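Participant: requesting a structural model of the entry that follows:
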Amino acid sequence: MGYSLKREVEKKERFVGGHRLCAGCGAGITVRAVMRALEPEDKAVVTNATGCLEVSSFLYPYTAWEDSYIHSAFENAAATCGGVEAAYNVLKKKGKIDDTFKFIVFGGDGGTYDIGFQSLSGAMERGHDMVYVCYDNEAYMNTGIQRSSSTPRFADATTSPTGKASNGKRQNKKDLSSIMVAHGIPYVAQSTFIGNFRDLHEKAHRAIYTHGPAFLNVMSPCPRGWRYPAEDMAEICRLAVETCVWPLYEVVEGEYRLSYEPKDKLPVDVFLAKQGRFKHMFAKGNEWMLELAQNYVDKKWKELLAKCN
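Facilitator: Take a look at the predicted model:
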């Protein structure tokens, strides 16, 4: 069935209001979009790694989730979901379950790129029929904005601070989407919040209804960690795409497909300037940081275009 904005909007919410996520947080928007991609007749089991989303959406006895929900530790969300999916298959085979269930994991970059990476890799390699969704806010936001391997180079975080002895994080962001592609799984995609959300909705639906393991990486800005006014979130996402800092693409059965190519690719500094964590890069004498950031984005974009072509 083709995409219909009217149809998507009319679906019943499966992640409801009343949670404690910050205004301008991308995690809640990511979850709403992904859960809305489910067909109304299907049920879901959600596994959620410890993080901002978990502590804000499930405070017993209150919950923002309409589907079955499991809170797991930072490091084992994918393994937990894989175990539930395996149990479901056994019960289905024995005729003890008639309903169709889909299995979805949500984890931040800390619980995905770092602490939970071994669990994620194992679940993907074993071929569980599940979707892992990373709401990527590029740091350990829940515990104090510490840098993660998803944090971009030069970003100011509490464990990669800027000052006389440091220019922020020294390393470039890990390319986890490419690592997931290397697992040979059926579906991998990157998305974020732009326009009418069509890109995110379609990729979420494709991921959920692809047989086998799928990975969806969604840029999900954090107003506290990135230091931007809440109302600027959509603009920051747009600039991330227009500068190619966060390109939109998908990989279907190993084939790269570019989802969007900017008509006039913008310079990286217009994206960085919107965020307080990069403020030091615009100080006099730090022009070299902006140059290195631009060179890195250009290199990665050129590599992606070559894969897509």
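Participant: surely residue 107 and residue 115 touch.
Facilitator: No - with contacts counted by C-beta atoms under 8 Å, residue 107 stays clear of residue 115, the gap being 9.1 Å. Just so you know, the C-beta spots here come from the backbone N, C-alpha and C atoms, and that holds for glycine as well.
Participant: residue 151 reaches residue 138, doesn't it?
Facilitator: Yes - here residue 151 reaches residue 138: they are 5.1 Å apart, a contact under C-beta under 8 Å.
Participant: mutual contacts of those two, please.
Facilitator: Common neighbours of residue 151 and residue 138, counting by C-beta atoms under 8 Å, 6 or more residues apart in numbering, are residue 173.
Participant: residue 107 and residue 115 - which one has more neighbours?
Facilitator: More crowded of residue 107 and residue 115, by other C-beta atoms under 10 Å: residue 107, with 29 against 23.
Participant: what's near enough to touch the nearest residue to the more buried one once chain neighbours are set aside?
Facilitator: For residue 107, ignoring the flanking residues on the chain, the nearest one in space by C-beta to C-beta, 6 or more residues apart in numbering is residue 49 at 3.7 Å. Contact analysis of residue 49 by C-beta under 8 Å, 6+ apart lists 72-75, 77, 105-108, 111-112, 116.
Participant: would you map the helices across the stretch 101-250 of the chain?
Facilitator: With DSSP state H, counting those that start in this stretch, the ranges of helices along the stretch 101-250 of the chain come out as 109, 117-126, 176-181, 198-208, 223-226, 233-242.
Participant: for the fourth one, buried residues please.
Facilitator: By that I understand helix 198-208. Within helix 198-208, the residues scored as buried using 16 or more other C-beta atoms under 10 Å are 199-208.
Participant: columns pLDDT on top of these, output as a markdown table?
Facilitator: What follows is those, written out as a markdown table (pLDDT from 0 to 100):
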| residue | pLDDT |
| --- | --- |
| 199 | 96 |
| 200 | 96 |
| 201 | 95 |
| 202 | 96 |
| 203 | 98 |
| 204 | 97 |
| 205 | 97 |
| 206 | 98 |
| 207 | 98 |
| 208 | 98 |
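Participant: and of these, the nearest to residue 123?
Facilitator: Lowest distance from residue 123 to these (C-beta to C-beta) belongs to residue 207, with 14.1 Å.
Participant: you'd agree that closest one is up against residue 134?
Facilitator: No - applying C-beta under 8 Å, one finds residue 207 not in contact with residue 134, separated by 11.7 Å.
Participant: just send the buried residues of helix 198-208 back as a markdown table, with distance to residue 304 too.
Facilitator: Converted to a markdown table, the buried residues of helix 198-208 look like this (distance: C-beta to C-beta, whole Å):
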| residue | distance to residue 304 |
| --- | --- |
| 199 | 16 |
| 200 | 19 |
| 201 | 22 |
| 202 | 19 |
| 203 | 16 |
| 204 | 21 |
| 205 | 23 |
| 206 | 19 |
| 207 | 19 |
| 208 | 24 |
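Participant: okay, among these, which ones form the most distant pair?
Facilitator: Across the buried residues of helix 198-208 (C-beta to C-beta), the longest gap, 15.1 Å, separates 199 and 208.
Participant: what residues are shared contacts of residue 207 and residue 134?
Facilitator: Shared contacts of residue 207 and residue 134, defined by C-beta under 8 Å, 6+ apart, are found at 215-216.
Participant: drop anything exposed from the contacts of residue 49.
Facilitator: Using 16+ other C-beta under 10 Å as the burial test, the contacts of residue 49 include 72, 74-75, 77, 105-108, 111-112, 116 as buried.
Participant: columns pLDDT and distance to residue 287 on top of those residues, output as TSV?
Facilitator: Output for the buried ones among the contacts of residue 49, formatted as TSV (pLDDT from 0 to 100; distance: C-beta to C-beta, whole Å):
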residue	pLDDT	distance to residue 287
72	96	45
74	94	38
75	96	40
77	98	41
105	98	41
106	98	39
107	98	36
108	98	32
111	96	36
112	98	33
116	97	37
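Participant: from those, which is closest to residue 19?
Facilitator: Using C-beta to C-beta, residue 106 is the member of these that sits closest to residue 19, with 12.6 Å.
Participant: gap between that closest one and residue 98?
Facilitator: From residue 106 over to residue 98 the distance is 26 Å, taken as C-beta to C-beta, to the nearest Å.
Participant: and for residue 154?
Facilitator: Applying C-beta to C-beta to residue 154 and residue 98 gives a distance of 54 Å.
Participant: those two - which one has more neighbours?
Facilitator: Between residue 154 and residue 98, residue 154 has the larger neighbour count (other C-beta under 10 Å), namely 24 against 6.
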